[in-house]
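*Asks:* Sequence and predicted structure below; questions after.
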Amino acid sequence: MEETSLRNRREDERSVQSIQSKEPKTTSLQKEVGLLSGICIIVGTIIGSGIFISPKSVLSNTEAVGPCLIIWAACGVLATLGALCFAELGTMITKSGGEYPYLMEAFGPIPAYLFSWTSLFVIKPTSFAIICLSFSEYVCTPFYSGCKPPEVVVKCLAAAAILLITTVNSLSVRLGSYVQNVFTAAKLVIVAIIIISGLVLLAQGNTRNFENSFEGTQLSVGAISLAFYNGLWAYDGWNQLNYITEELRNPFRNLPLAIIIGIPLVTGCYILMNVAYFTVMTPTELLQSQAVAVTFGDRVLYPASWVVPLFVAFSTIGAANGTCFTAGRLVYVAGREGHMLKVLSYISVKRLTPAPAIIFYGIIATIYIIPGDINSLVNYFSFAAWLFYGLTILGLVVMRFTKKDLERPIKVPIFIPILVTLISVFLVVAPIVSQPALEYLYCVLFILSGLIFYFLFVHYKFGWAQKISRPVTMHLQMLMEVVPPEETPE
């Protein structure tokens, strides 16, 4: 009797354990990001290498101090308006992957695929390459005082930075996160040093470079668009907060508030940093400077001028690390939809990192630094980025009429997305018409070439194309010891 009872009890326990083992183990993101944290994320994401390399390029296109400062302010306004449009999209379509799901919902799979294709091969790796090149220039400049560092030295150091960052983020998520936190603090230190020094000099009467600040201005449509390209590069990252909408406390209040406070705060910092540069340098001297912040430090902080290139290097390497750290998200979403090689969305078994995507980004970024310089890469990046920013915000206008039933917790006035779309068209078309360059043609051809891969591998799924891609995926999976995300061991 006791044996029967014991046997029944064991069977009951086994059945309970069996039921529990079959229950799906789920987890959800916690809403732990408040308004202050959201503002800090915006500020920390945007401020990177741009403010240390773009002032020279913006001034070269505007030719005077007054228009230069106006362009910096206008770029901040445009970034704020664009971020508000993305806030509506992010709370209306709550899928990860940035512009990808928004384009999919508004226009279907082809524009979404072309965005993922362009982002994978142009936008993300180009951004990575630009930041590492600017890091390399600031590190090399103090060692070549009075002359330009050799190009081969700059590019080799940039390639080494890409290799180091790629290795760190492939080995450990925790290590990559720790590096990001340390360098984010460093960038805020150098921004504060430059702004405070500039305000002190301004209070002491160093205002001669602001007299007749519009004299000699000869702006063309193409020059204005190129000035915007370089200014907006410094603001890139304005669309990142809606990646964490699910983690925001009271997102329908805090998301637009964080944007309205955070981006104007960055705009104020950028304008004050440019004012600080002009307190110690004439426009001609700024244009002749190999590294603007280094020249500023040499003139203002001597004998502690070494602080500036050191902290600028920390800031740029932190921005590069952040770019690499977030690289796998879009690739994963595109791979899940069947729009990319699935191996690029796989995760390392041992390290639990998106190693294939990170290594791929590192290889493409290294290729970009070989022939390119920073200005041409910024134009290449900005052209591609604003083409899809404009298309995405146009999708918001289209969905106001085609998706009226979708819930819109945040709804911006319709004139804002229309205005941002028109400005995006101007930014894309104006430089091609007024100052045509081969990089724009290359970029367009490369974007359109994605259609070939779309129809071969995604739409029609030709048998011979699948036979080519399947062995490549299997070989890389075995070689790198990676598995799809759903197969990752607990």
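*Replies:* Thanks, I have the structure now.
*Asks:* where in this protein is pLDDT low?
*Replies:* Within the chain, the segments meeting pLDDT under 70 span 1-33, 96-97, 173-174, 176-177, 180, 242-247, 325-352, 457, 459-490.
*Asks:* mind listing the helices for the stretch 251-400 of the chain?
*Replies:* If you assign secondary structure with DSSP state H, counting those that start in this stretch, the helices in the stretch 251-400 of the chain sit at 251-280, 283-288, 292-300, 307-325, 328-336, 355-369, 374-402.
*Asks:* residues contacting Y368?
*Replies:* Neighbour list for Y368: P125, T126, A129, L377 [criterion: C-beta atoms under 8 Å, 6 or more residues apart in numbering]. Using the backbone N, CA and C atoms, a C-beta is placed for each residue, glycine as well.
*Asks:* before we move on, what about F453?
*Replies:* W117.
*Asks:* Now rank the contacts of Y368 by neighbours and give me the top one.
*Replies:* Neighbour counts for the contacts of Y368, by other C-beta atoms under 10 Å, peak at A129, which reaches 29 neighbours.
*Asks:* From what I see, C68 and V58 are in contact.
*Replies:* Yes: C68 lies in contact with V58 (C-beta atoms under 8 Å); the separation is 5.5 Å.
*Asks:* joint contacts of those two?
*Replies:* Taking C-beta under 8 Å, 6+ apart as the criterion, C68 and V58 both touch A227.
*Asks:* From the contacts of Y368, which land in helices?
*Replies:* P125, T126, A129, L377 (DSSP state H).
*Asks:* In CSV: the residues you listed, plus distance to G205.
*Replies:* Conversion of the ones in helices among the contacts of Y368 to CSV gives the following (distance: C-beta to C-beta, whole Å):
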residue, distance to G205
P125, 46
T126, 42
A129, 42
L377, 39
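*Asks:* what about the residue nearest to the spatial centre of the chain, is that helix, strand or coil?
*Replies:* Centre of the chain computed as the mean C-alpha position; nearest residue by C-alpha atoms, centre = their mean is G237, 4.9 Å away. The local conformation at G237, judged by DSSP: H, G, I helix; E, B strand; the rest coil, is coil.
*Asks:* buried set for the strand or helix carrying Y113?
*Replies:* Y113 is located in helix 109-118, with elements delineated by DSSP states H and E. Neighbour-count burial for helix 109-118, counted by 16 or more other C-beta atoms under 10 Å, picks out I110, P111, A112, Y113, L114, F115, S116, W117, T118.
*Asks:* nearest to L448, of those?
*Replies:* Each of the buried residues of helix 109-118 was checked against L448 using C-beta to C-beta; the closest is L114, at 8.1 Å.
*Asks:* Which helix or strand contains the closest residue to the closest one other than its chain neighbours?
*Replies:* Closest residue in space to L114, ignoring its immediate chain neighbours: G450 at 5.0 Å, by C-beta to C-beta, 6 or more residues apart in numbering. Under the assignment given by DSSP H and E, the secondary-structure element containing G450 is helix 438-453.
*Asks:* E88 against K411, yeah?
*Replies:* Yes: using C-beta under 8 Å, E88 makes contact with K411 at a distance of 6.0 Å.
*Asks:* more neighbours, these two?
*Replies:* The neighbour comparison of E88 against K411 (other C-beta under 10 Å) goes to E88, with 23 against 12.
*Asks:* Having no further points to raise, I will conclude here.
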